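Undergrad: Got a predicted model here, sequence first, then my questions.
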Amino acid sequence: SKFIMSYIRTFICFIFSLWSICLSAEDYEIQKYLSDNSYYIFNNNIHTVNLSKYSDWSQPIIELNSSDVITCSFDDFDAIGKDYRYTFIHCDPSWRQSTGIIQSDYMTGYYTEEYIRDYSQSFNTLRDYTHYSFTFPNENINIGLSGNYALFVYEDDISSPAFIARFYVIDKKVSVPIKVDFSKNPAHISEYQRVSFSLECGSYLIREPYRSVTIVIQQNNKPYSEQIATEPKYITGSSYIYDFDDKFEFRGNNEFRNFDIRTLKYLTQYISQIDVRNSEYYVITHDISSWLGKAYQSFADNDGQYILSVRDGDVATEGEYAFVNLRVKSSFPMANEELYVCGEFNGWQFNEENKMSYNYETGEYQANLYLKQGYYNYCYVYKNAETQRIDEGFIDGSFVETQNRYSIMVYYQPTGERYCQLIGYGLINSTI
């Protein structure tokens, strides 16, 4: 009986794998959802999507053919167990689906999709939910090529996913030393940080370096901050130098704001009120003044990251959800302009959920975010509705001294290669 059931399950998974391979040739419009976001949720019942490696603060970046794994977790407010599955789609540096390869080229293991088997019901919480968690790669579903990947999680049909999220697989061939310094433009010297770097290739040969290499530079893992490098300034030996006076400048912005809702039993820093109404928690913050025009103050932050945690218990199934009210003073509403609350917790998205509205009675912009217990970094981001210009320093100012984390991804696709490899990764915390 057990043998028969095992055979049936294997056969079903094999059929689904063939179906998935065929389906992977379709256009999922991945770029539409991941070019400006680290993840995107399609199903309104899905909350708190989190991808990390090793620890809660780490990014979803793993090395090819290593023991590295990524843990993905999320909550479903339907609060009933479902047969969610997941698969991967290989993408180019712009988050377009790679067209020169199919899933059987880059996915190894037994299957090209896998069920999520680890899930638990919430326990003793006001909001009922089911918590799901899984790690990959694993013996059933593995990865054979480097590059950008979209993680698809879905219940019935991959064409209608529950959510998609970014992750990266590196086949390290080059090292990437990075330096962060003052801007060489006198008008920018107090607000901007200039990033310079090199590719140290050693014995690794890069063919056609002026057309085959694409480099993506990010500040604090923010998709909207990305700048692209292609041609080096010059090449000396096996070193490719990207040290330009007028390129790769980023506004320093300010340190991230934060709030702590790891406990809902007493007030923590920046929390002024905690209530329970209609079986929901409501939290009000009191850090409402703009920092614009004030002198820079250095303090530790986590560069826009967050951690899910409770003071007592297991946050996975015992973490409460709360409406967190964030406010910032403004003498008048901004015409044709929008203000958002952004951070890694919401994938740096500009959507209605984290868009702030103006309260004429209090003279404040306000937002109510529905979040699971934890410690959160966030910032206020201005976006012009007409020009789409983004300004993170509009509310809190910008300083060259601000500590920021810069990451650099090095992609390589020489002529004749069917996909874009990810061959290098660099990371630095700025100290100016």
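TA: Happy to help now that I have it. Residues are numbered from 1 along each chain as shown.
Undergrad: quick one: low-confidence parts of the chain?
TA: 1-28, 55-57 (pLDDT under 70).
Undergrad: Would you mind finding the longest strand in it?
TA: In the chain, ranked by residue count with DSSP state E as the criterion, the top strand is strand 374-384.
Undergrad: Show me what counts as buried in it.
TA: Going by neighbour count (16 or more other CB atoms under 10 Å), the buried part of strand 374-384 is 374-383. Every residue, glycine included, has its C-beta placed from N, CA and C.
Undergrad: what's the answer for stretch 219-227, then?
TA: For stretch 219-227, the neighbour count (16+ other CB under 10 Å) marks 219-225 as buried.
Undergrad: mind saving the C-alpha coords of it as CSV?
TA: Output in CSV follows, covering the C-alpha atoms of stretch 219-227 (Å, rounded to 0.1, in the frame of the first residue of the first chain):
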residue,chain,number,x,y,z
GLN,A,219,21.6,51.2,-2.0
ASN,A,220,20.1,49.3,0.9
ASN,A,221,18.6,46.6,-1.3
LYS,A,222,16.1,49.2,-2.7
PRO,A,223,15.0,48.2,-6.2
TYR,A,224,14.2,51.8,-7.1
SER,A,225,17.7,52.9,-6.2
GLU,A,226,19.4,50.7,-8.9
GLN,A,227,22.0,52.2,-11.2
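Undergrad: export the buried residues of stretch 219-227 to TSV and tack on secondary structure?
TA: Compiled in TSV, the buried residues of stretch 219-227 are given as follows (DSSP: H, G, I helix; E, B strand; the rest coil):
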residue	secondary structure
Gln219	strand
Asn220	coil
Asn221	coil
Lys222	coil
Pro223	helix
Tyr224	helix
Ser225	helix
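Undergrad: need the helices for the stretch 101-250 of the chain, in chain order.
TA: Assigned by DSSP state H, counting those that start in this stretch, the stretch 101-250 of the chain shows helices spanning 103-106, 209-212.
Undergrad: So which of these is the most surrounded?
TA: Stretch with highest mean neighbour count among the helices of the stretch 101-250 of the chain: helix 103-106 (a mean of 18; mean count of other CB atoms under 10 Å).
Undergrad: For that one, what is the distance to the chain centroid?
TA: Between the centre of helix 103-106 and the centre of its chain there are 24 Å (CA atoms, centre = their mean, to the nearest Å).
Undergrad: Which secondary structure elements does it sit against?
TA: For helix 103-106, the packing partners by 3 or more CB pairs under 8 Å, 6 or more residues apart in numbering; DSSP states H and E come out as helix 2-23, strand 85-91.
Undergrad: With only the CA atoms kept, save the strand or helix carrying Leu326 in PDB.
TA: Per DSSP states H and E, Leu326 falls inside strand 321-329. Only the C-alpha atoms of strand 321-329 are listed here, as PDB (Å, rounded to 0.1, in the frame of the first residue of the first chain):
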ATOM      1  CA  TYR A 321      -1.000  41.400  13.800                       C
ATOM      2  CA  ALA A 322      -1.600  45.100  14.500                       C
ATOM      3  CA  PHE A 323      -2.700  48.300  12.700                       C
ATOM      4  CA  VAL A 324       0.300  50.600  13.100                       C
ATOM      5  CA  ASN A 325      -0.400  54.300  12.700                       C
ATOM      6  CA  LEU A 326       2.500  56.300  11.300                       C
ATOM      7  CA  ARG A 327       2.300  60.100  11.100                       C
ATOM      8  CA  VAL A 328       4.500  62.900   9.900                       C
ATOM      9  CA  LYS A 329       3.800  66.700  10.200                       C
END
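Undergrad: Give the pairing partners of it; include direction for each.
TA: strand 280-285 (parallel), strand 364-372 (antiparallel) (DSSP bridges).
Undergrad: rewinding a little: any chance of a markdown table for the helices of the stretch 101-250 of the chain, columns distance to Tyr240?
TA: Output for these, formatted as a markdown table (distance: least, CB to CB, whole Å):
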| stretch | distance to Tyr240 |
| --- | --- |
| helix 103-106 | 27 |
| helix 209-212 | 6 |
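Undergrad: Wait, Ile170 touches Gln59, no?
TA: No. The pair Ile170 / Gln59 is not scored as a contact, 11.4 Å apart, by CB atoms under 8 Å.
Undergrad: so which of the strands paired with strand 321-329 gets nearest Gly293?
TA: For those, the distance to Gly293 is smallest for strand 364-372, at 17.1 Å, taking CB to CB.
Undergrad: Show me which residues of that closest one are buried.
TA: Of all the residues in strand 364-372, those buried under the rule 16+ other CB under 10 Å are 364-369, 371-372.
Undergrad: what's the angle between that strand and strand 374-384?
TA: Strand 364-372 and strand 374-384 are oriented at 140 degrees to each other (axes from the mean of the first three to the mean of the last three CA atoms, to 10 degrees).
Undergrad: Let's see strand 364-372 as PDB, backbone CA atoms only.
TA: Output of strand 364-372 as PDB, limited to C-alpha atoms (Å, rounded to 0.1, in the frame of the first residue of the first chain):
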ATOM      1  CA  GLU A 364      -0.300  65.400   9.200                       C
ATOM      2  CA  TYR A 365       0.300  62.700   6.600                       C
ATOM      3  CA  GLN A 366      -0.900  59.400   8.000                       C
ATOM      4  CA  ALA A 367      -0.800  55.700   7.100                       C
ATOM      5  CA  ASN A 368      -2.100  52.600   8.800                       C
ATOM      6  CA  LEU A 369       0.000  49.500   8.100                       C
ATOM      7  CA  TYR A 370      -1.200  46.000   9.100                       C
ATOM      8  CA  LEU A 371       1.900  44.300  10.400                       C
ATOM      9  CA  LYS A 372       3.000  41.200  12.300                       C
END
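Undergrad: Quote the end-to-end distance of stretch 347-364.
TA: 24 Å (CA to CA, to the nearest Å).
Undergrad: Give me the contacts around it.
TA: The contact list for stretch 347-364 (CB atoms under 8 Å, 6 or more residues apart in numbering) reads 36-40, 49, 165, 221-224, 288, 304, 326-331, 333, 338-342, 346, 365-367, 369-370, 380-381, 383.
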